[in-house]
Structure formats: C-alpha cells, structure tokens
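Asker: The sequence and its predicted three-dimensional model are supplied below.
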Amino acid sequence: MANSISNSLRRIVVHNHKGGTGKTMIAVHLAEYLVEHGQKWQLLDADPQYNAISWLTGHAWDGEDALQLPGEGRREEMVVTIDSSVVAETPRVVVDTPPAGDALRRLHDAGLELGPEDLLVCPVSGRFGIDGAIKVAEEAAPSGCRIVALLNMTDPDDDHGSEEIKAVRELEGVEDLGIEVFKMAIPRNDDYLRRAELQGEPVWDIPYATSTHAVRALQAFCRWVAEGAPPEGNQMGSLASGSPNTESQRRVSELQDRLWG
C-alpha cells in the first residue's frame, strides 16, 4: 500500500489530557505502520517520560536527542527524537504527547501548531478518558484540525466497555466538539503489548498476536489512517480483515454492530 497516504496529512498528534489511555502505544504503532507501508515519517516523543522512544528502542535508549531506529528496511529510515526542533520542518511527523493540559500549547510554541492538514488522535479509555477527550476537542477546535476519538483498551463484550462505547458515540453528535469516532474499539491485550514493548517491536510482529481481536483492531485503525482516514472507510464492515473464529469474537462483532449501527 505504498504512497497511499493522503498527501495533505501533515502531522498526527496523539493526545488526551488523561493519562493511561494508551497514547504511546497508539503513537508508536501509527509511526511503525506508516513507515512499513512506504512513507517517510518521523516520531517526536514530546512526553518527558519518553515512553515512546523507550518502546521503539527496546528500552535501550542512551539519552540521545535523536536517533535512527535499529533494524533493516524502511524502519531504519525513521528518525525518533525528543527534540521538537528536529521535526519542526518535517512534512510528516507523529507526536506522542504528555497527559497535560498545556501539551498542545507547547507544540504550538515549538512551531508544531495544529492546522486543518493535521489529525489529532485522542485515545479514550475509561470515564476520565472521555472527560479528557472533551477538553482536548474544546482546546483544539480553533485550529481546524480533524479530531478522531479512538476507544482503546475497551472491551465491547464487557458491561462497562459497552457503556463507554455508547458515551463516546454520543460525543460525535455534539456539533460544537467536532469529534469523529473510529468505529472499532481496541480491547485490552496486556500480554502481547508488553512483550512487544520489551522487544522494541510493533505488536503485530509478535508471534500469534495478529490472531487476537485487539491487534486486528489496532491494525485496522492504522490502515485507516494510512489511507488518509477517509470518512467512508470508517465503517464496521470494512475495518477488520478475516472473520471471527471464536464464539467470543462473534459476540464482540454483534455487540459492536448493535452499538455502532
């Protein structure tokens, strides 16, 4: 799918005021997927905890401001940095942000202000994550950027998860917020994700991980972004490859169809 990313997409900022929503996981996997599929993107780790750069290096980061990733092929071309000046003039950059109310202002001050050509991805997990998404949308609205809420670590087969899905879906109907909602929730899968982080790899490179609903949903989101995030592509039926192979997956699919229909 080389060169299929919309040429107008300039920056992808992953942000929520609330911590623990999986911002780093989403930022890392977006950057990995985009580079794997033929585009030259860079990643800015703007979170002082530097979790993204630690993940991408398998916790072997030596404190450099910018580095080339180890590996072969396209991945070695991706620059990962903690220095905003390194990517200020870069056409395409994925940004992992801290869970702070002034994160977007700091990006603006560093010359990375959001605009209509940018995508703001807001991972949501839990009630406070929803509150954080509302604050992010209100803050980012003047920029004219596109805001997409992503239900992360949310299991539609769980009562709390299904209620969370309903609540986030209602945000899409609030015109002043301007929030879009990605139509597939990404369930929690700590085992495979932890292994991926420790090995410094995207989770889909871990053996058998792609058989899980969580990883397939994550790939579906990354693929959608890689296609330019077309509104017509954000439909339940077109997001997942393959078909459910367990009773649990079938129930998840039916529940999502009902909640997102």
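Answerer: All right, it came through fine.

Asker: What segments of this protein are helices?
Answerer: 23-36, 51-56, 84-87, 103-109, 127-140, 159-171, 190-199, 213-226, 236-239, 247-260 (DSSP state H).

Asker: among those helices, which is nearest residue 78?
Answerer: helix 23-36 (4.8 Å; CB to CB). For glycine as for every other residue, the C-beta is placed from the backbone atoms N, C-alpha and C.

Asker: still on that earlier bit, which of the helices of the chain sits closest to residue 17?
Answerer: helix 127-140 (3.8 Å).

Asker: same for that closest one, what does it pack against?
Answerer: helix 103-109, strand 119-124, strand 146-151, helix 159-171 (3 or more CB pairs under 8 Å, 6 or more residues apart in numbering; DSSP states H and E).

Asker: and with 6 Å instead?
Answerer: strand 119-124, strand 146-151 (3 or more CB pairs under 6 Å, 6 or more residues apart in numbering; DSSP states H and E).

Asker: just those: most buried one?
Answerer: With neighbours taken as mean count of other CB atoms under 10 Å, these reach their highest mean count in strand 119-124, at a mean of 28.

Asker: Residues contacting that one, please?
Answerer: The contact list for strand 119-124 (CB atoms under 6 Å, 6 or more residues apart in numbering) reads 12-14, 16, 21-23, 26, 130, 133, 136, 140, 145-152, 168.

Asker: rerun that using 7 Å as the cut-off
Answerer: 9, 12-16, 21-23, 26, 114, 130, 133, 136, 140, 145-152, 168, 229 (CB atoms under 7 Å, 6 or more residues apart in numbering).

Asker: With stretch 22-39 instead?
Answerer: 1-3, 5, 12, 14-16, 41, 43, 51-52, 55-56, 74-75, 78, 92, 94, 96-97, 121, 123, 125, 150, 152-153, 193, 202-203, 218, 222, 225-226.

Asker: Now the buried members of the residues you listed.
Answerer: Buried members of the contacts of stretch 22-39, counted by 16 or more other CB atoms under 10 Å: 5, 12, 14-16, 41, 43, 51-52, 55-56, 74-75, 78, 92, 94, 96-97, 121, 123, 125, 150, 152-153, 193, 202-203, 218, 222, 225-226.

Asker: now for the helices of the chain, which one comes closest to residue 182?
Answerer: helix 213-226 (5.8 Å).

Asker: Pipe the helices of the chain into TSV and attach mean pLDDT and distance to residue 69 per row.
Answerer: Listed next are the helices of the chain as TSV, based on pLDDT from 0 to 100; distance: least, CB to CB, whole Å:
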stretch	mean pLDDT	distance to residue 69
helix 23-36	95	9
helix 51-56	94	6
helix 84-87	89	14
helix 103-109	95	22
helix 127-140	91	28
helix 159-171	85	33
helix 190-199	95	13
helix 213-226	94	17
helix 236-239	47	28
helix 247-260	48	33
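
Asker: Throw those helices into a markdown table and include distance to residue 180, thanks.
Answerer: Putting those into a markdown table (distance: least, CB to CB, whole Å) gives the following:
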| stretch | distance to residue 180 |
| --- | --- |
| helix 23-36 | 15 |
| helix 51-56 | 24 |
| helix 84-87 | 25 |
| helix 103-109 | 18 |
| helix 127-140 | 10 |
| helix 159-171 | 9 |
| helix 190-199 | 25 |
| helix 213-226 | 11 |
| helix 236-239 | 14 |
| helix 247-260 | 13 |
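
Asker: Nearest to residue 66 among those helices would be which one?
Answerer: Per CB to CB, nearest to residue 66 of the helices of the chain: helix 84-87, 5.0 Å.

Asker: Quick check: pLDDT value at the nearest residue to residue 116 once chain neighbours are set aside.
Answerer: Closest residue to residue 116 apart from its sequence neighbours, by CB to CB, 6 or more residues apart in numbering: residue 144 at 4.3 Å. Residue 144 carries a pLDDT value of 94.

Asker: where's residue 144 relative to residue 88, distance?
Answerer: 20 Å (CB to CB, to the nearest Å).

Asker: All set, thanks.
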